[in-house]
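Visitor: pasted the sequence and its predicted model underneath.
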Amino acid sequence: MRDVLTMSSNRFVFAVLISLFLAVVPLNNPVEMLSDTAEIQSVGASLEDYELYFDDGTSLTTKEPTGSRNESSLLESGVTFDTEELISDLTVHGKSGNEVRIFAYMKFESPEVNATADITFRLLAGNQEVDRFTETLDNPCTSGLFGNDCSWVPYQINLVVGSDGYLFGNGNRIKIEIQGDASCQGQGGPFGGGSCDVTLAYGTEVGNGYSRMEFRANALAGSQVKVHEVGDGWSETEVVEWSPTHLSDKRKMQFTVDVRDAFGRADIDSVELVLYTPNKASTVFDQEFDPKTNQLKLDNNGLVGTYEFTYDSGIAYGEYPLSLLITDVQGHVIEYVHPQGITFLEYDVYLDFPATQIPKLLVAPGQTSSIELSVLHTGSLTSDLRVEMELQQSLPSGWSDPNWDSPGGYMLSGGGSSARPMLTIQAPEDLSSLADNYQIIIEAYAYATTGADSGSQVRLVSIAVDVEKVNQFGPPRIDVYEDVEQQKQIFASDRPDLYNENLSHYIDYDKVGDFYMSINNVGFDDDSYRIRIQEIPVAWSLKFIINGTGTELTEQGIDSLTPTIGQGEKLVLKVEVYPPFERDAVDIGLVRLSVTSDSSSDEVFTTPAAWTVHRTFGIVGEVISDSDGGTLGQIGPVSPGSTVTYNVRITDSSDDAGTTNWVIKNPAALQRNIDNDPAYATWMYDITDIEGNIALVAPLTGGQYYDIEVEITIRQQVEAGIHVVYLQVAEEADGEEDPRYFDLPLTIEVDEEVVPGNLIVEQKSQAERVRAGQTVPFEYRIDNLNNVEVDVVISVKAPDGWDATLDDGEIISFTLDSFSSRDFTMQITAPEKLKSGEMVEFEMTVTPTNYQECTANLCYIQKPTFEFKTENSGVLNSIMSEIEDPEPTTLVLFFSVLALAGLGLYRRGQNKVKAQMFAAMVEPQAIDAAAEDEVDADIIEEEDEEEVLDDLDLELIDIES
C-alpha cells in the first residue's frame with residue numbers, strides 16, 4: 001500500500017477533544033527547499049529535481065504559487081490539473097526509483113465516523129494514461145456543534161513511470177486527474193452537522209508545503225548555441241575560426257541560441273551567453289537574453305534568439321571558450337559548452353579583388369591581359385608573412401606563362417598589412433576553343449617568417465577568376481547598390497532576374513536618396529560612357545557624383561559624361577535622388593537610365609539600369625515576409641478565391657521624440673484602390689498584430705516599428721494577371737495640415753483559370769414556330785465566365801433540308817474579354833415543304849481557339865443545341881407533305897380506308913349473286929315482281945352504301961383535322 005502521511009489519534013480521545021480545539025495540527029510532510037547556491041549542470045548530463053505545483057485555474061506550473069488558496073471538491077467529477085503544451089520532448093523519471101510523487105493536501109469531512117472515501121489519482125500524457133492509484137481515506141473529520149475546522153492532511157501518492165522514465169512528447173500536456181467517491185455521499189450530520197466531502201487545497205502554501213508533483217527530468221536538454229557569419233541560417237555550416245585583423249564587415253559574428261525548455265518561455269528565468277578569453281581569465285562579452293521580451297522567439301519548437309558581435313581588430317589569437325547558461329524559475333542552472341569554442345587565428349590571409357577591379361580576366365586574340373588582386377594579412381598583429389602567388393592549373397597550349405609583378409613573393413609585416421599582386425598573361429591568336437565558362441584558380445601560399453613556425457607554410461587560400469573573351473569595346477556592366485559599402489545590391493545588368501526593379505526604395509520627402517552605381521568596363525580598351533535619364537517620376541531629379549571625390553559629372557546636352565575607365569576597371573558613382581516637395585506630386589516611380597560606350601564609332605554598346613524610388617513622409621511600411629517563396633511583396637500565381645498573407649513592418653523613420661498615432665486603413669475603404677478597380681473593395685482584408693488582435697493604430701516614436709499581418713482573400717470572380725492593392729498608413733489627422741501617409745503596394749498575381757463549360761450560350765429571342773420556306777432570325781448571347789481573354793469560333797449544324805447562318809456567315813469568330821459577353825444572330829431557313837408540329841434541332845459548336853483539347857476526361861469545346869417547332873401553311877401543303885413523307889398514323893389510316901372499301905364492294909357482289917339465284921326458282925310473274933323489287937332493293941342498297949361512304953368521308957376529315 002502507498003505511503004500516507006497523516007496523523008491519527010485514538011478515536012475516543014479525538015471525540016472528546018473535538019469540542020475543545022479548533023483544529024488538530026497534522027504532522028505535515030516536509031517540503032524540500034532549493035539550495036541558495038545553484039549547482040551548474042551540463043546540458044543533457046544529469047537529471048534535475050522538478051516540482052509542478054497545483055495552481056489557479058487547475059494548472060500545473062513550475063512557478064511556486066503566490067496567490068490565495070483554492071479548494072476543490074474531489075467527489076463526483078473531481079478536478080484535473082495540466083501544464084501548457086510542451087514545446088519539446090520531456091522524459092520524466094521517478095523522484096525515487098521509478099516512481100514520481102504527488103503530494104496532495106486533502107480534507108475528508110463526514111458526519112459518520114466510520115465513513116470511507118476512495119480517491120483515484122491518474123497521471124496522463126495528453127489523453128494517454130501513464131499510471132493510476134486509488135487511495136482509501138478513513139477517520140474523517142466530524143465537525144461538531146462548535147463548528148470546529150478540520151485540518152489539511154498531506155498525502156503522498158507514488159505513480160510508476162518506468163525505470164527508463166516516460167516520454168511526454170512535444171505538444172502533449174502533463175495531466176493529473178483526481179476524482180473520488182465516499183460512502184457518506186448525500187448524507188448530513190444530526191443537529192446541523194457537516195456534510196460529506198473530500199476537498200483538495202492548492203494554489204498557495206498549506207502548512208509548510210504545497211500540493212504538487214515531484215519528479216526528475218532535464219527540461220533544458222537539447223539547448224545549444226551556434227556561431228555563423230551574419231545572415232546565415234541555423235542549419236548552415238558553423239564558422240568557428242576567425243581572423244583577428246580582418247576587414248570590419250568580416251569581424252561581425254552572429255551567435256544563435258536555441259533554448260529547449262519543455263515548459264516554455266514562462267519557465268526560463270534567464271539566458272546568458274558568455275565568450276571567455278583563453279583559460280577563462282576574463283570575458284570578451286556577457287550577453288543576457290530577457291525571456292520576458294521578444295529577444296527569444298518560439299521557432300522550430302525552441303526559443304531562439306540571436307546576438308551580433310563585432311570584435312576589435314587586433315584581438316589576441318588563441319582559443320576562446322563559449323558557454324550558454326540557462327537558469328529556470330526553480331533555480332536549475334544548465335550550461336551548454338560549445339564543443340569547439342572560437343579560435344582566433346595567428347596566421348591568415350584574405351585574397352580578393354581591389355575595389356576598382358572587376359572580378360574577371362578579359363582577354364582578346366593575341367593581346368596581353370592583366371588582372372590585379374588584393375592580398376591582406378588578417379592574422380595576429382605580431383606575426384609576419386611571405387605570400388607567394390601561383391596558378392593552380394597550367395594554361396592551355398598557346399598561352400604565355402603567367403607573370404607576376406613580384407615573382408619572389410610579397411612581404412606582409414603584421415596583421416592588417418596588404419599587397420596588390422598583378423598577374424599578366426598573353427592570349428593566343430585563336431581563342432575559338434576557349435569555353436565560355438573557363439576559369440583559372442589563383443592560389444596564395446602564406447609562409448611564416450618569424451617565431452617557431454618560421455619558414456613553414458601556415459595558410460593556403462585561393463580565388464576563382466572567370467576568363468572572358470571581349471571585343472575592343474562593349475556594353476558596360478552595371479551594378480546598383482543602396483549603401484556605400486556595396487552590400488545591398490538592387491540591380492545587376494548581368495543578372496537582371498535576381499532583382500525586382502519594381503521594389504520600392506524609400507526616400508523621405510525632405511531628404512536626398514543616395515544610390516551607388518558601379519560602371520564596369522568589360523571591353524578590352526579604355527573607355528568612357530554617356531549616362532542618359534530615360535525615365536523618372538515627374539518633379540523628381542538626379543545628380544551624378546564620382547564617389548569619394550565629390551566631383552559632379554560633366555553634362556553634355558541631356559547626357560552626363562564619365563571620365564575614362566581603364567580596361568577591366570570600374571567607376572563608382574553616387575546617384576543623388578531628389579524627391580519633390582509638393583504633396584500632390586507622384587510618390588512612387590521608376591528611374592531608368594542608359595549607359596552607353598562613348599568610344600565605339602562602329603557600333604552602339606548600351607546597358608540599361610532601373611530601380612524604383614518611393615517618397616515617404618516619416619513613415620515607412622515594408623513587407624518582411626509573405627506566404628509565397630518568390631519575390632518579397634509579390635505573391636502568386638494563386639487561384640481565384642485564394643487567401644494570401646503579408647507580414648508588414650511599419651517604421652517611424654522620422655526624428656520625432658514624441659509618439660505619433662499612425663492609423664492603419666483597411667484597403668477596402670481606400671479610394672485609391674477603388675479608383676483602380678472597384679472590385680478591390682469587395683475583397684476581404686484582416687489586419688492583426690503579432691498577438692492576433694485587430695490592428696487599427698500603430699503608436700510609434702522615431703525609429704520604432706510595429707509589425708502586423710495582412711491577410712487578403714480575393715473573390716472567386718477575379719481577372720487573371722497582376723493586381724496591386726495599397727495598404728495606407730496615415731498620421732492621425734489634427735485638422736491643421738495634411739496628414740503624413742505611406743501607401744504600401746501589395747502585389748498579387750492571379751493564375752489563369754479556364755474551365756470547360758464556362759462559355760455559356762443563351763437564346764435571347766422569344767421562341768416561335770417556323771413555317772415552310774420561312775427565314776427567321778434569333779438573337780443569342782455568349783458569356784465568358786473565365787478569368788482570361790478567350791478567342792472564340794462558333795459554327796452551327798442544321799438538320800437536313802434546313803439552312804442556318806451566323807451573322808450572315810457560316811461561322812463567326814471574335815475575342816471575349818474575361819467575364820464579358822457578346823450578342824450574335826442565327827438565321828434559320830425552313831424547307832418549302834414542312835410538316836406541322838415537328839421539333840427540329842440545331843447544334844452549335846463553340847471552340848476556344850487557345851484551348852482546343854477535347855478528351856473523355858477534359859473537353860473545352862462546347863456543343864449547345866437549340867430546338868424549334870414547325871408549323872405548316874395551307875391544306876394542300878399539309879396533304880403534299882403527308883404524301884411525300886407520311887407519318888405512321890397516316891399510313892395506318894390509309895390502309896384502314898382501303899380495307900373498308902374492299903369490304904363494301906365484296907358485300908355488294910354477294911347480294912347480286914343471291915338475287916339471281918332466287919329469280920331462277922320462281923314464276924315469271926314473280927320474276928317480274930322480283931325484278932322490280934330487286935331494282936328497289938338495289939336503289940336502297942346503293943343509298944345505304946352512299947351513307948356508309950359519306951360517314952367514312954366524315955371520319956377521314958375528323959382524323960385529318
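Guide: Sure thing, it's come through. Numbering: from 1, shown residues only.

Visitor: quick one: low-confidence parts of this structure?
Guide: Across the chain, the ranges flagged by pLDDT under 70 are 1-45, 143-149, 187-194, 300-301, 735-736, 873-895, 897, 912-961.

Visitor: look up how far N647 lies from the residue nearest in space to the middle of it.
Guide: The geometric centre of the chain, computed from its C-alpha atoms, lies nearest to S627 (Cα atoms, centre = their mean), at 2.3 Å. With distances taken as Cβ to Cβ, to the nearest Å, S627 is found 9 Å from N647. To be clear about C-beta, it is placed using only N, CA and C from the backbone, and glycine gets the same treatment.

Visitor: equivalent analysis for L785, please.
Guide: According to Cβ to Cβ, L785 stands 34 Å off from N647.

Visitor: what of L345?
Guide: 40 Å.

Visitor: and those two? which has more neighbours close in?
Guide: The neighbour comparison of L345 against N647 (other Cβ atoms under 10 Å) goes to L345, with 21 against 15.

Visitor: my guess is the more buried one contacts A316. True?
Guide: No: the criterion here is Cβ atoms under 8 Å, and L345 misses it with A316 at 11.2 Å.

Visitor: list residues touching both of those two?
Guide: By the contact definition Cβ atoms under 8 Å, 6 or more residues apart in numbering, L345 and A316 are jointly contacted by 244, 380.

Visitor: report the longest strand in the chain, please.
Guide: Longest strand in the chain by number of residues (criterion: DSSP state E): strand 457-469.

Visitor: quick one: that one to chain centroid distance?
Guide: Relative to the centre of its chain, strand 457-469 is centred 41 Å away, using Cα atoms, centre = their mean, to the nearest Å.

Visitor: could you list every helix and strand in contact with that strand?
Guide: Contacts defined by 3 or more Cβ pairs under 8 Å, 6 or more residues apart in numbering; DSSP states H and E place strand 457-469 against strand 349-352, strand 360-363, strand 439-448.

Visitor: give me the domain ranges for the chain.
Guide: Under the assignment automatic domain parsing, the domains of the chain span 11-217, 224-344, 349-469, 477-613, 617-750, 759-875, 888-960.

Visitor: where's the nearest residue to N502 once chain neighbours are set aside, which helix or strand?
Guide: Closest residue in space to N502, ignoring its immediate chain neighbours: T612 at 5.4 Å, by Cβ to Cβ, 6 or more residues apart in numbering. Here T612 sits within strand 606-616, counting by DSSP states H and E.

Visitor: same for that strand, what does it pack against?
Guide: Counting by 3+ Cβ pairs under 8 Å, 6+ apart, strand 606-616 packs on strand 477-481, strand 489-492, strand 504-508, strand 513-520, strand 588-597.

Visitor: using CSV, write out every CA atom in the last one.
Guide: In other words, strand 588-597. The C-alpha trace of strand 588-597 is given here as CSV (Å, rounded to 0.1, in the frame of the first residue of the first chain):
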residue,chain,number,x,y,z
ILE,A,588,6.5,56.4,-56.5
GLY,A,589,8.0,55.8,-59.9
LEU,A,590,10.7,54.1,-61.9
VAL,A,591,14.2,55.6,-62.5
ARG,A,592,15.5,54.2,-65.8
LEU,A,593,19.0,55.1,-67.1
SER,A,594,21.0,54.1,-70.1
VAL,A,595,24.8,53.9,-70.0
THR,A,596,26.5,53.9,-73.5
SER,A,597,30.0,53.4,-74.6
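
Visitor: got a markdown table for the helices and strands packed on strand 606-616, with mean neighbour count too?
Guide: Output for the helices and strands packed on strand 606-616, formatted as a markdown table (neighbours: other Cβ atoms under 10 Å):
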| stretch | mean neighbour count |
| --- | --- |
| strand 477-481 | 21 |
| strand 489-492 | 19 |
| strand 504-508 | 19 |
| strand 513-520 | 21 |
| strand 588-597 | 19 |
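
Visitor: I'd like to know which of these lies nearest to P321.
Guide: Across the helices and strands packed on strand 606-616, P321 has its closest neighbour in strand 489-492 (37.5 Å, Cβ to Cβ).

Visitor: which ones are touching the residue nearest to S820 when sequence neighbours are not counted?
Guide: Counting by Cβ to Cβ, 6+ apart, S820 lies nearest to N784, which is 5.6 Å off, once chain neighbours are set aside. Taking Cβ under 8 Å, 6+ apart as the contact definition, N784 lies against 758-759, 790, 792, 816-821.

Visitor: what helix or strand is the nearest residue to N403 once chain neighbours are set aside on?
Guide: Sequence neighbours aside, T424 is the residue nearest to N403 in space, at 4.5 Å (criterion: Cβ to Cβ, 6+ apart). According to DSSP H and E, T424 maps onto strand 422-426.

Visitor: what's that strand in contact with?
Guide: 361, 363, 366-373, 389, 395, 399-400, 402-405, 442.

Visitor: list the buried ones in that strand?
Guide: 423, 425-426 (16 or more other Cβ atoms under 10 Å).

Visitor: before we move on, what about stretch 264-272?
Guide: Buried residues in stretch 264-272, defined by neighbour count with 16+ other Cβ under 10 Å: 264, 267-269, 271-272.

Visitor: can you list contacts of it?
Guide: Here stretch 264-272 makes contact (Cβ under 8 Å, 6+ apart) with 61-63, 84, 86-87, 219, 257, 259, 261, 286-292, 296, 298, 303, 305, 324-329, 331.

Visitor: can you give me the end-to-end span of it?
Guide: 17 Å (Cα to Cα, to the nearest Å).

Visitor: ok, L47 - contacts?
Guide: 93, 216-218.

Visitor: so which of the residues you listed are in strands?
Guide: Going by DSSP E, the strands hold 216-217 from the contacts of L47.

Visitor: can you map out the helices along the protein?
Guide: Under the criterion DSSP state H, the chain contains helices at 11-17, 671-676, 875-884, 888-919, 924-960.

Visitor: report all helices and strands that the shortest one contacts.
Guide: Of the remaining helices and strands, those touching helix 671-676 by 3+ Cβ pairs under 8 Å, 6+ apart are strand 721-731.

Visitor: show me what the strand it packs on is packed against.
Guide: So strand 721-731, by 3+ Cβ pairs under 8 Å, 6+ apart, packs with strand 619-626, strand 660-664, helix 671-676, strand 741-750.

Visitor: any idea how far the nearest residue to T66 once chain neighbours are set aside is from G331?
Guide: Leaving aside its chain neighbours, T66 sits nearest to T204 (7.3 Å; criterion: Cβ to Cβ, 6+ apart). Per Cβ to Cβ, T204 is found 20 Å from G331.

Visitor: ok, these two, which is more surrounded?
Guide: Neighbours of T204 and G331, each counted by other Cβ under 10 Å, are more numerous for T204; the result is 17 against 14.

Visitor: quick one: contacts for the more buried one?
Guide: T204 sits next to 65-70, 210 when contact means Cβ under 8 Å, 6+ apart.

Visitor: and the residues you listed, which two are furthest apart?
Guide: S68 and Y210 (13.5 Å).

Visitor: okay, these two: which has more neighbours?
Guide: Between S68 and Y210, counted using other Cβ under 10 Å, Y210 has the larger neighbour count: 21 against 8.

Visitor: contacts only, for that one.
Guide: Taking Cβ under 8 Å, 6+ apart, one finds 31, 51, 53-54, 64-65, 103, 105, 202, 204 in contact with Y210.

Visitor: repeat for L503
Guide: The contact partners of L503, taken as Cβ under 8 Å, 6+ apart, are 490, 611-612, 631-633.

Visitor: give me the neighbour count for the spatially closest residue to N850 that is not a sequence neighbour.
Guide: Leaving aside its chain neighbours, N850 sits nearest to D791 (6.1 Å; criterion: Cβ to Cβ, 6+ apart). By the criterion of other Cβ under 10 Å, D791 has 13 neighbours.
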